[in-house]
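Asks: below: sequence and its predicted model.
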Amino acid sequence: MTDDEKKRLRAEWTAAHDFDPRDPMLGLERRELCGPRMSRRATLRLLAASGALTAAHLMPGPVGRAMAQGTPGGTLTCGWAGVAEITTLDPAQIGQVLQFQVTSNVLSGLMHINADLIAEGDLAESWEVSEDGLTYTFKLREGVTFHNGDPFTADDVLFTYERSSNPEKSIHSSVLANVANLEKLNDHEVRFTLKQPQASFLTKTLERASGRAMTIVSRGALEEMGVSQYGLTPVGTGPFRITEHQLGQGVVMEKFDNFYDPERPKLDKVIIKPVDGAEPLAAAIEAGDIQYIGGNPIAAQLIDRFKQNPDLVTDVKPGPGFQSLWLNPWVEPMRVENFDKPLEELKQEKGFQVRLAIAKALNRDLYVQQARFGYSYPAHGTINPAMGFYFEDDLSETSEQAFDAAGAQALLTEAGYPGGEGFPELELMVRPSEKRDGLVIANILNQVLGITVKPVTTEFSVQIERFTAMDFQLRLGGSGGDYDPDDALVDWMMTESKFNGRTRDTDEMPFGFFSEAEVDRLVEEQSVTADPDARRDLVQKANRITSDKVACGFLYHPVDVQVRHKSVNFPAVSRIPGLNDLDRVTLS
């Protein structure tokens with residue numbers, strides 16, 4: 001980086017943070033907040049106001065670069081890693097990154113994010129924001145049609161909102177909690193009124209992929225097909241339409257000729273094949289059976305192998321997310337029926353002593369080297385390094401979960417299992433591609449505590465079903481696409497979080513894997529706190545409690561790895577971590 005570039009970066013960083021914490025929008029002109037695209041200055045200001053601005057956002061982005069060249073047409077065959085079947089593509093029920101990676105190519109939203117994480121209009125042609133930041137008026141694209149021929153109008157936005165804000169129909173209803181009202185102004189204009197200003201409204205609530213809550217669905221198709229079939233072959237307005245989806249066999253997407261942008265998509269067809277297991281995935285792309293890998297994170301042991309293959313392009317970027325060893329608090333000997341106690345009081349309970357012993361015994365540095373081949377970062381909480389401002393470097397040293405072999409052994413002895421004597425064998429659910437990870441965890445816990453953990457490979461969709469029902473002992477898994485603390489804390493660590501034992505038997509288990517009243521309060525407060533420093537304090541307090549009280553055994557933060565055959569031209573404008581937007585891809 002040149003001295004001039006460093007000066008520019010410092011100047012933009014300073015300018016982005018030069019605002020009144022009581023009113024972050026003060027000083028921004030309305031035209032900068034309005035669309036079809038927010039200005040760079042407004043984007044950096046709102047990222048800074050929410051505490052999410054990092055140096056990476058200030059680096060020259062790929063949006064202005066030339067598109068990769070190739071021949072329009074053809075078929076791209078993709079392998080979706082780490083899953084045997086893609087269970088649902090209904091955005092109201094999508095709980096997995098690998099699912100919205102597909103729907104981002106099929107269904108539209110009012111907004112979408114680009115590779116710079118800047119909000120751009122998708123079905124919204126333009127928008128206006130009020131001076132107080134509470135009302136957003138959207139002009140919708142005219143002449144847009146759904147894949148079944150139905151016209152897209154404001155009624156579809158209202159229908160999607162009514163469906164998604166209903167917790168009985170959508171697992172993402174909480175994403176819309178800050179919306180006070182949505183009204184139709186005419187067939188192609190709608191107005192959202194918020195309860196309070198929300199910096200992430202465009203880039204989270206209304207974004208078509210990771211936001212999910214306002215991914216636009218077709219009322220006509222839902223009524224005709226029914227919810228179950230819609231979950232297999234959803235009808236949208238996106239660049240591709242689904243022509244086939246068989247559970248266990250995969251998804252076929254074909255070019256939608258009436259997409260609102262006549263220049264997209266470039267490909268005629270995309271075939272998505274679920275591929276469970278590391279070696280089957282490697283064999284498929286090395287043999288040319290697939291040309292591109294999406295889905296779950298690629299098994300770490302394959303990354304160097306792919307990088308050394310001259311026929312493949314392997315692109316590694318920081319990945320926003322966390323992975324954990326989940327410990328069921330309703331299963332002996334880890335049972336904890338109430339986390340709402342002072343930490344020192346919890347430490348007197350045998351079930352908590354076991355949980356903390358396991359968490360302390362996790363040698364994360366060794367795990368990252370042996371299981372992830374160095375392609376990860378040790379984790380002690382949900383807040384990942386990609387969140388920059390919110391990430392707490394010292395947590396690895398101050399957390400109760402910090403690696404401490406002697407302390408872990410003492411806790412297990414106090415719980416009545418000296419040297420692991422009398423400790424029952426525990427099953428650890430892992431995906432087939434994570435078998436190595438499971439074996440490394442089992443070996444670490446055996447070496448430190450003398451206990452036996454048996455990794456059991458479980459197909460991913462079955463694993464998710466059992467996890468949400470709290471039908472497990474130990475499980476390896478976590479989250480991806482977490483760019484804001486709301487993604488990490490709201491979605492996972494609150495008593496009513498959508499991933500916190502959502503389908504459990506509530507009579508037998510009053511909460512899921514974790515419930516702590518102070519965490520609930522802190523997370524709710526941080527969501528409505530405008531001052532970035534104050535919000536950071538609340539986020540870090542909540543994060544520390546979840547770490548100290550062992551909501552789970554936090555393990556690592558992943559990297560985002562894209563692997564494709566060299567004949568696949570994937571333009572930088574579409575390279576968004578966590579997504580696989582294929583509408584600009586061409587084949588050489």
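Replies: That came through, no problem. Residues are numbered from 1 along each chain as shown.
Asks: please go through this protein and pick out the longest helix.
Replies: In the chain, with assignment by DSSP state H, the single longest helix is helix 532-548.
Asks: buried ones in that helix?
Replies: Judged by neighbour count (16 or more other CB atoms under 10 Å), helix 532-548 contains these buried residues: 532, 535-536, 538-548. Where C-beta positions appear, they are placed from N, C-alpha and C, glycine not excepted.
Asks: can I assume residue 15 is in contact with residue 42?
Replies: No. Contact status for residue 15 versus residue 42: not in contact, 11.6 Å apart, counting by CB atoms under 8 Å.
Asks: coming back round to it: between the buried residues of helix 532-548, which is closest to residue 374?
Replies: Proximity of these to residue 374 was ranked by CB to CB; the top entry is residue 547 with 23.4 Å.
Asks: surely the closest one and residue 395 touch.
Replies: Yes. Counting by CB under 8 Å, a contact exists between residue 547 and residue 395, whose distance comes to 6.5 Å.
Asks: anything in contact with each of the two?
Replies: Shared contacts of residue 547 and residue 395, defined by CB atoms under 8 Å, 6 or more residues apart in numbering, comprise 380-381.
Asks: what's the longest strand in this protein?
Replies: For the chain, the strand with the greatest residue count under DSSP state E is strand 553-565.
Asks: partner strands of that one, with direction?
Replies: strand 292-295 (antiparallel), strand 312-318 (antiparallel), strand 321-327 (antiparallel), strand 376-378 (antiparallel) (DSSP bridges).
Asks: can I get that strand as PDB, trimmed to CA atoms?
Replies: The C-alpha trace of strand 553-565 is given here as PDB (Å, rounded to 0.1, in the frame of the first residue of the first chain):
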ATOM      1  CA  GLY A 553     -17.700 -24.600  23.900                       C
ATOM      2  CA  PHE A 554     -16.700 -22.000  21.400                       C
ATOM      3  CA  LEU A 555     -14.200 -23.400  19.000                       C
ATOM      4  CA  TYR A 556     -13.100 -21.500  15.900                       C
ATOM      5  CA  HIS A 557     -14.000 -18.700  13.400                       C
ATOM      6  CA  PRO A 558     -13.800 -20.100   9.800                       C
ATOM      7  CA  VAL A 559     -12.500 -18.800   6.500                       C
ATOM      8  CA  ASP A 560     -14.500 -18.400   3.400                       C
ATOM      9  CA  VAL A 561     -13.100 -20.600   0.600                       C
ATOM     10  CA  GLN A 562     -14.300 -20.600  -3.000                       C
ATOM     11  CA  VAL A 563     -13.100 -23.400  -5.300                       C
ATOM     12  CA  ARG A 564     -13.900 -23.500  -9.000                       C
ATOM     13  CA  HIS A 565     -12.400 -25.000 -12.200                       C
END
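Asks: who are the packing partners of the helix or strand just after that strand?
Replies: On the C-terminal side of strand 553-565, the nearest following helix or strand under DSSP states H and E is strand 568-569. Judged by 3 or more CB pairs under 8 Å, 6 or more residues apart in numbering; DSSP states H and E, the packing partners of strand 568-569 are strand 586-587.
Asks: so what touches the strand it packs on?
Replies: Outside of strand 586-587, the residues within contact range by CB under 8 Å, 6+ apart are 68-74, 76, 266-267, 291, 567-569.
Asks: where do the helices sit along the stretch 101-250 of the chain?
Replies: With DSSP state H, counting those that start in this stretch as the criterion, the stretch 101-250 of the chain has helices at 154-164, 219-225, 227-232.
Asks: in the first one, what counts as buried?
Replies: When burial is assessed from 16+ other CB under 10 Å, helix 154-164 yields the following buried residues: 154, 156-157, 159-161, 163-164.
Asks: list the buried ones in stretch 121-133?
Replies: Within stretch 121-133, judged by 16+ other CB under 10 Å, the buried ones are 121-125, 127, 129-130, 133.
Asks: now these in JSON lines, with distance to residue 110 and pLDDT?
Replies: Supplementary listing: these in JSON lines, determined by distance: CB to CB, whole Å; pLDDT from 0 to 100:
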{"residue": "121", "distance to residue 110": "7", "pLDDT": "94"}
{"residue": "122", "distance to residue 110": "6", "pLDDT": "96"}
{"residue": "123", "distance to residue 110": "5", "pLDDT": "97"}
{"residue": "124", "distance to residue 110": "4", "pLDDT": "97"}
{"residue": "125", "distance to residue 110": "10", "pLDDT": "95"}
{"residue": "127", "distance to residue 110": "8", "pLDDT": "95"}
{"residue": "129", "distance to residue 110": "13", "pLDDT": "92"}
{"residue": "130", "distance to residue 110": "17", "pLDDT": "91"}
{"residue": "133", "distance to residue 110": "17", "pLDDT": "86"}
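Asks: got any ranges where the stretch 151-300 of the chain has weak pLDDT?
Replies: Residue ranges of the stretch 151-300 of the chain with pLDDT under 70: 211.
Asks: name the helices or strands packed onto the helix or strand encompassing residue 407?
Replies: Of the helices and strands defined by DSSP H and E, residue 407 is found in helix 405-414. Using 3+ CB pairs under 8 Å, 6+ apart as the contact criterion, the secondary-structure elements in contact with helix 405-414 are helix 350-361, helix 435-449.
Asks: please identify the most buried of the ones you listed.
Replies: The densest packing among the helices and strands packed on helix 405-414, expressed as mean neighbour count by mean count of other CB atoms under 10 Å, is seen in helix 350-361 with a mean of 25.
Asks: helices and strands of the protein: which one bottoms out on pLDDT?
Replies: The weakest-scoring helix or strand in the chain, judged by mean pLDDT, DSSP states H and E, is helix 55-58 (a mean of 54).
Asks: burial check on residue 526, number of neighbours?
Replies: The number of residues packed around residue 526, counting by other CB atoms under 10 Å, is 23.
Asks: just confirm it contacts residue 542, I think it does.
Replies: Yes. Applying CB under 8 Å as the test, residue 526 and residue 542 come out as touching, 6.9 Å apart.
Asks: got any residues that touch both of the two?
Replies: When contacts are counted by CB under 8 Å, 6+ apart, residue 526 and residue 542 have residue 489 as shared neighbours.
Asks: and residue 196, how far from residue 178?
Replies: 7 Å (CB to CB, to the nearest Å).
Asks: neighbour count winner among those two?
Replies: In terms of neighbours (other CB under 10 Å), residue 178 is the more surrounded of residue 196 and residue 178; the figures are 17 against 12.
Asks: hang on, the more buried one packs against residue 195?
Replies: Yes. With contact defined as CB under 8 Å, residue 178 and residue 195 form a contacting pair (5.2 Å).
Asks: now for the contacts of strand 586-587: which two are most distant?
Replies: Across the contacts of strand 586-587, the longest distance by CB to CB is 17.0 Å; it joins 69 and 291.
Asks: nearest to residue 279, out of the helices and strands packed on helix 405-414?
Replies: When the helices and strands packed on helix 405-414 are compared for distance to residue 279 using CB to CB, the nearest one is helix 435-449, at 10.3 Å.
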